[in-house]
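Q: structure of the sequence below:
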Amino acid sequence: MSEVIGALGDIVGTAQVLTGADAAGHARDWTGAHVSAPLCVVRPGTTAEVAQIVSLANAVGVPVVPLAGNTGLTGGGAADGAILLSVERMTGIRAIRPEARVAVVEAGVILADLHAAAEAHDLAFPLSFGAQGSARVGGVLSTNAGGSNVLRYGNARDLCLGIEAVLPTGEVVDLMSELHKDNSGYALRDLLIGAEGTLGVITAAVLKLVPEPRAYATAMVAVPSVEDGLALLNRLQAETGGAVEACEYMPGRYLDALAAHDPSVRPPFAARHEVNLLIEVGATAPRDATPGPDGATPVQAQLEKILGDLFEADAVRDAVVAQNAAQRAEMWARRERAAEVVLAPGPVAVNDLAVPLDRVGDFLARAEAAVAALDPAAVPLAVAHLGDGNVHYAVRLSRDDAALKEAIVEAVEEIVREMRGSFSAEHGIGQAKRASMRRRKDPAALAAMRAIKAALDPAGVMNPGKVLPD
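A: Okay, the predicted model is just below:
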C-alpha cells in the first residue's frame, strides 16, 4: 500500500497525507466509541484533488471514507484499512448573495463560521445543534442533520438548493443549482444528501439563508404533561404565525442528571417539575421586535401573555421568560449539554427515533414500562425535539451487559414500529444502526437502496460497511 500512499502524496502533497500516530486524531470519533486504523488520512484542498483521490481508490480497489467534522454518533467515519478523506481544508465560503438569500460554500466550512458569515448580512443559516462549533457542511449534508430549528426550517436537505459531489468513479457531478424549482429528472441532490458518503463525496453546496430574527422570546416552561406541551406549541404557532423556532423537551430526570454531572448548572425553576420545555419564538418583523417603553419586545410580551393565560387555566405550572441574552444562553446550555450527560461514563443504550407528534407522550410511557420490565434499575434519560417528534431516548443501564443493551434497543424500536415511526431520526445509520436497518427497514426499500449503491459504486469503494446491512 506504500505505492497508494505515495500516489496520494503526488496529488495533494506529502504534508497532506497522514499515517500512523499522525492519523490517530482523525481515526477516533469524539465519543470514543468508534476507533479505526485507516491506511492514511488525506486532506485535499480542491474538488479536483478529491476527484483524483477517489479515481485512484476506485482503480486500485481501496475503500474511501469521507470525513468532515468528525462529530457523528453512529460510526460513519470508521475507516479500517481505508483512505480517510478529510475535507477540513476545503473551507471556502465562495459567496453570500443576500438578494437571493443563498450561501455558496465548500464542504469543510464549519457550521458556526457559516452562521457568522450569514449574520454579517443580517441573514441566518438556520441549522443549529450542540456540535455547530466543529461540525462541517459536508457532514451536515451527508447525514441530513436536524437540530433544534427543524420545527420552523426543516432538516439539512430542506435547506440545500444544490450540491457538487464526486461520485465513486471519480466523476464530478455539478448540481450547484440556485433554483427553487427544477423538475429536470431524478433528484440526485436529495439522493446524495443523507447517503452518509456511501454514494459519493459532497464537496460544495448552495444553501438557503433566511432573515436573521431581530428578537427572540425564549422561555423555560413547566407543563402538566407532554400533551399539554404540544397544545402549548400549537397555540403559539397559531398566534405567532408559525414563528416558533424550537420546542425542546427536558424531563425532570434529565435535569437531575445534568445537575449531578455539573453541580454549577442552576435548575430552571425553584421547584422540580417532571415535564419541562424550552420554547423559543423568533421575530423578524420590526413591529414584533422593536422594544416598547418598558424595554420588552412585542414578541416577548405576546409569549408572556400566552403563558400567563395558560397558567391561569392550570395548563402551565411554571414559566421563566429570558430577559436578556445571558439568560437565553443559560436556557439553551441546559439542552445543548445533553450529549455529554447521556454519554458520561457508564453503560447506556441509545435510540434516536421519531414518532408522530401526538404520540410522543404515549411513546414515553410505553418505553418506560418496557425498559422497567427488562432492567428495573435502569434510568431513562430522554430529551426530545418535541416540535418534530424526534426523541433521543437514552437509558442508563444497571449493568454493563451487551445482551441487555440490545434487548432494550429492540424493545424501544418495536414500540416505534407499531407507531409507524422511524428508528433513526437525525443521527444517521453509520455502523451502529445497520442491525436496526436489517430488522426494521422495508425489504423492498432495502433492495432498492442496494441496487442504487451497486449502480453508482460497482467496485464498492465508497464508505463500505455503512448504512446498508450485509
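
Q: which neighbouring elements make contact with the longest helix belonging to the chain?
A: Across the chain, the longest stretch assigned as helix under DSSP state H is helix 402-418. Using 3 or more C-beta pairs under 8 Å, 6 or more residues apart in numbering; DSSP states H and E as the contact test, the elements touching helix 402-418 are strand 348-354, helix 360-374, helix 434-440. No exception for glycine: its C-beta is placed from N, CA and C like everyone else's.

Q: tell me how far the longest one lies from the chain's centre.
A: Taking C-alpha atoms, centre = their mean, to the nearest Å, the mean C-alpha location of helix 360-374 is offset from the chain mean by 24 Å.

Q: centroid-nearest residue for this structure?
A: Nearest to the geometric centre of the chain sits residue 145, at 3.6 Å (C-alpha atoms, centre = their mean).

Q: against residue 9, how distant is that one?
A: To residue 9, residue 145 is 33 Å away according to C-beta to C-beta, to the nearest Å.

Q: next one: residue 176
A: Residue 176 sits 29 Å away from residue 9, taking C-beta to C-beta as the criterion.

Q: just the pLDDT for residue 71.
A: You'll see residue 71 listed with a pLDDT of 88.

Q: tell me the domain ranges of this protein?
A: 2-86, 93-211, 215-338, 346-427 (automatic domain parsing).

Q: list just the one of those that sits closest to residue 442.
A: The minimum distance between residue 442 and the domains of the chain falls on domain 346-427, with 11.0 Å, by C-beta to C-beta.

Q: what about the closest one, how long is it end to end?
A: 21 Å (C-alpha to C-alpha, to the nearest Å).

Q: with just CA atoms, put stretch 216-228 into CSV.
A: Listed next in CSV are the C-alpha coordinates belonging to stretch 216-228 (Å, rounded to 0.1, in the frame of the first residue of the first chain):
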residue,chain,number,x,y,z
TYR,A,216,-36.2,36.2,20.4
ALA,A,217,-38.6,35.4,23.1
THR,A,218,-37.3,32.4,25.0
ALA,A,219,-38.7,30.6,28.0
MET,A,220,-38.5,27.6,30.2
VAL,A,221,-42.0,26.3,30.8
ALA,A,222,-43.2,23.5,33.1
VAL,A,223,-46.4,21.8,32.0
PRO,A,224,-48.6,19.0,33.5
SER,A,225,-47.9,16.6,30.6
VAL,A,226,-46.3,16.2,27.2
GLU,A,227,-49.8,16.5,25.7
ASP,A,228,-50.1,19.9,27.4
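
Q: and the longest helix of the chain, what's buried?
A: Taking 16 or more other C-beta atoms under 10 Å as the neighbour-count basis, helix 402-418 is seen to contain the buried residues 404-405, 407-413, 415-416.

Q: hey, what's the angle from it to helix 360-374? Just curious.
A: Using axes from the mean of the first three to the mean of the last three C-alpha atoms, to 10 degrees, the interaxial angle of helix 402-418 with respect to helix 360-374 works out to 150 degrees.

Q: contacts for helix 402-418?
A: Around helix 402-418, the neighbours that count as contacts under C-beta atoms under 8 Å, 6 or more residues apart in numbering are 347-351, 353-355, 363, 366-367, 370-371, 374-375, 378, 393, 395, 397, 422-423, 436, 439-440.

Q: in a markdown table, list the helices and strands packed on helix 402-418 along with distance to residue 215 and mean neighbour count.
A: Formatted as a markdown table, the entries for those read as follows, by distance: least, C-beta to C-beta, whole Å; neighbours: other C-beta atoms under 10 Å:
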| stretch | distance to residue 215 | mean neighbour count |
| --- | --- | --- |
| strand 348-354 | 30 | 22 |
| helix 360-374 | 29 | 17 |
| helix 434-440 | 42 | 16 |
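
Q: which of the ones you listed sits closest to residue 302?
A: Go through the helices and strands packed on helix 402-418 one by one with C-beta to C-beta and the one that ends up closest to residue 302 is helix 360-374, at 25.4 Å.

Q: break down the stretch 1-150 of the chain into its helices, ranges please.
A: Using DSSP state H, counting those that start in this stretch, the helices found in the stretch 1-150 of the chain span residues 2-12, 47-60, 111-119, 137-142, 150-153.

Q: which of these is buried the deepest?
A: Here the criterion is mean neighbour count by mean count of other C-beta atoms under 10 Å, and of these the winner is helix 137-142, at a mean of 30.

Q: got the contact list for that helix?
A: Outside helix 137-142, the residues that reach it (C-beta under 8 Å, 6+ apart) are 66-72, 76, 87, 90, 105-109, 111, 114, 127, 145, 156-157, 160, 163, 192-197, 201-203, 205, 207, 428.

Q: of the residues you listed, buried ones?
A: Neighbour-count burial (16+ other C-beta under 10 Å) applied to the contacts of helix 137-142 gives 66-72, 76, 87, 90, 105-109, 111, 114, 127, 145, 156, 160, 163, 192-197, 201-203, 205, 207, 428.

Q: ok, residue 88 - contacts?
A: Applying C-beta under 8 Å, 6+ apart, we find residue 88 in contact with 43, 67-68, 108, 136.

Q: and the residues you listed as JSON lines, adding pLDDT and distance to residue 245?
A: Written out in JSON lines, the entries for the contacts of residue 88 read as follows (pLDDT from 0 to 100; distance: C-beta to C-beta, whole Å):
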{"residue": "43", "pLDDT": "98", "distance to residue 245": "36"}
{"residue": "67", "pLDDT": "96", "distance to residue 245": "30"}
{"residue": "68", "pLDDT": "95", "distance to residue 245": "25"}
{"residue": "108", "pLDDT": "98", "distance to residue 245": "27"}
{"residue": "136", "pLDDT": "97", "distance to residue 245": "23"}
